[in-house]
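> What would the 3D arrangement of this be:
(chains A and B)
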There are 2 protein chains.
Amino acid sequence: ARGRVVLVGAGPGDPDLLTLKAARALREATVILYDDLVGPGILDLARREARRIAVGKRGHRLSCPQSEISARLVAFARAGEHVVRLKGGDPMIFGRAAEEIDACRAAGIAVEIVPGISAAQGAAAALGVSLTERETARRVQFVTGHGADGRLPGDVDWRAIADPGATTVVYMPRRTLAAFVERAIAAGLDPATPAAAVAAATRPDQAEVCGPIAGLPGLLRTLDPALPVTVMIGHVLRDVAAAEARKAA
Amino acid sequence: ARGRVVLVGAGPGDPDLLTLKAARALREATVILYDDLVGPGILDLARREARRIAVGKRGHRLSCPQSEISARLVAFARAGEHVVRLKGGDPMIFGRAAEEIDACRAAGIAVEIVPGISAAQGAAAALGVSLTERETARRVQFVTGHGADGRLPGDVDWRAIADPGATTVVYMPRRTLAAFVERAIAAGLDPATPAAAVAAATRPDQAEVCGPIAGLPGLLRTLDPALPVTVMIGHVLRDVAAAEARKAA
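Here you go, the predicted structure:
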């Protein structure tokens, strides 16, 4: 039997936000290598006898080096297994899919991608905030707050982040948001730009804080540090931020 | 009976790329207002007796004005219907969701959002190209080539588009790509940057053209004008563009 590898997006958290195709890939898998960012309940969609292997990130560190994950995908596929590599969100957006795709292709292993709802999209749906708007938000950008060494990446295009006509979503902002906001404001981002941080978006334990971006790093500390967080910045968040201000008043 | 409105993302084309939640919302709907960008086969997931109403865009024009769509959503919900507003891709990314959410909220109608796989994600999965990469592509941005008047929007941040460290996806680029590329190159985008245009991504009639961005507007003309197209620009496309060059040689 020929093995194969399917990179599957597990979506932002709610198991109902897997695609029909992702749910089928999970049902068909004989081996599943999964990330910590995969929400609770999602592995229940797999067959009981499927082998489940955690390879995910803990505390912003890979518990298993990327090269070892790639090697295991190839080895299982060579042994004839139907391998699902299950990643939080969309494998193609901050999912390190490129390394794993390249490893499979180099080994002559068939690899398929099943996209997933990314964290930004889960947060947007949960807050009822469109990431784009005619006239006012015609560009949406996703950036990571977390470089390979865990620090803020050195090559961020701060002018692009400061553009008042864009919506920005920062992935994995926990450790670096204060530095990120400082640099963005220095590049021209209005400190009063509405913003929100959403923890565990689309999950039952979802929590969010909203306010002007200048104050968001302080608010972020009030969210449970164990939960994954996404930060959204831009004019599209004005109603959410205003509602929060009314609640606080 | 209380009516309600659910804005549902239909994904990029393949019906299997709807989420489990979207499929359930379709099964529960009594009235469905849908866009033309919704791929074939997706409406088959609805109940046979559900009322299906096309309100979508044809030839880049709304066949039904936005204000009328919003008014119909509210009217159906007030009549107690379970309304699904079905949009191609993700309602929150170039889906004009804000207008419809605002109209429902103003009328006191409960509105829920079910996110969808956006065109950029469908194209990335179909080509096997990760939109982000460690070190080389730490920002991904989605822009529209299509302003309210059908022309290139006047307020694009061209320096953000020209950033060699970003991946850019252009939605609805058909009419404006030549002007878009000219402006981006004038702002500093390398004319040799790898790029791809994907028509009907994830559908059986998917077709793509690849090459340096400077030549993509010419290649775009070879794709069936009836199909929706997404353009992807950036270093992440280097392998796809190189494979295409080998095929052509």
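
> okay, CA-based contacts and neighbour counts for the rest of this
OK.

> And the helices in chain A, which stretches?
A:20-28, A:66-78, A:97-106, A:119-127, A:158-162, A:177-186, A:216-220, A:238-248 (DSSP state H).

> Pick the most buried one from those helices.
Most buried of the helices of chain A by mean neighbour count (mean count of other Cα atoms under 10 Å in any protein chain shown) is helix A:119-127; its value is a mean of 25.

> Now do it against helix A:238-248, angle only.
Interaxial angle of helix A:119-127 relative to helix A:238-248 (axes from the mean of the first three to the mean of the last three Cα atoms, to 10 degrees): 60 degrees.

> Tell me which other helices or strands helix A:119-127 touches.
Secondary-structure packing of helix A:119-127 (3 or more Cα pairs under 8 Å, 6 or more residues apart in numbering or on different chains; DSSP states H and E): strand A:229-233, strand B:111-114.

> outside of stretch A:210-217, which residues touch it?
Stretch A:210-217 is contacted by residues A:177-178, A:181-182, A:191-197, A:209, A:219, A:233, A:240-242, A:244-245 when judged by Cα atoms under 8 Å, 6 or more residues apart in numbering or on different chains.

> Enumerate every residue touching the residue nearest the centre of chain A.
For chain A, A:Ala119 is the residue whose C-alpha lies nearest the centre (Cα atoms, centre = their mean; 4.3 Å). The contact partners of A:Ala119, taken as Cα under 8 Å, 6+ apart, are A:11-12, A:89, A:171, A:201, A:230.

> hmm, back to that, could I get the helices of chain A as JSON lines with distance to B:Leu43?
Shown next, in JSON lines, are those (distance: least, Cα to Cα, whole Å):
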{"stretch": "helix A:20-28", "distance to B:Leu43": "15"}
{"stretch": "helix A:66-78", "distance to B:Leu43": "36"}
{"stretch": "helix A:97-106", "distance to B:Leu43": "32"}
{"stretch": "helix A:119-127", "distance to B:Leu43": "22"}
{"stretch": "helix A:158-162", "distance to B:Leu43": "39"}
{"stretch": "helix A:177-186", "distance to B:Leu43": "43"}
{"stretch": "helix A:216-220", "distance to B:Leu43": "41"}
{"stretch": "helix A:238-248", "distance to B:Leu43": "33"}
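
> Could you provide those in CSV, with additional columns for mean pLDDT?
Listed next are those as CSV, based on pLDDT from 0 to 100:
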stretch, mean pLDDT
helix A:20-28, 98
helix A:66-78, 95
helix A:97-106, 95
helix A:119-127, 98
helix A:158-162, 97
helix A:177-186, 97
helix A:216-220, 96
helix A:238-248, 82
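
> To A:Val55, which of those lies closest?
Minimum separation from A:Val55 across the helices of chain A (Cα to Cα) falls at helix A:66-78, 7.0 Å.

> Could you check the angle that closest one makes with helix A:97-106?
Orientation check (the same axes, to 10 degrees): helix A:66-78 against helix A:97-106 gives 40 degrees.

> Distance from helix A:66-78 to the middle of the chain?
Averaging C-alpha positions (Cα atoms, centre = their mean, to the nearest Å) puts helix A:66-78 23 Å from its chain's average.

> Give me the contact list for it.
Applying Cα under 8 Å, 6+ apart, the contact partners of helix A:66-78 are A:2-5, A:31, A:55, A:82-83, A:85, A:99-100, A:103-104, A:107, A:109.

> hmm, which of those residues are the buried ones?
Neighbour counting with 16 or more other Cα atoms under 10 Å in any protein chain shown marks A:3-5, A:31, A:55, A:82-83, A:85, A:99-100, A:103-104, A:109 as buried within the contacts of helix A:66-78.

> if we take these, which one ends up nearest to chain B?
Nearest to chain B among those: A:Glu99, at 8.7 Å, using Cα to the nearest Cα.

> Enumerate every residue touching A:Thr230.
Listed by Cα under 8 Å, 6+ apart, the contact set of A:Thr230 reads A:119-120, A:123, A:169-173, A:197-199.

> Which members of the residues you listed are the farthest-apart pair?
Greatest spatial distance in these: A:Ala123 and A:Pro173, 14.2 Å, computed using Cα to Cα.
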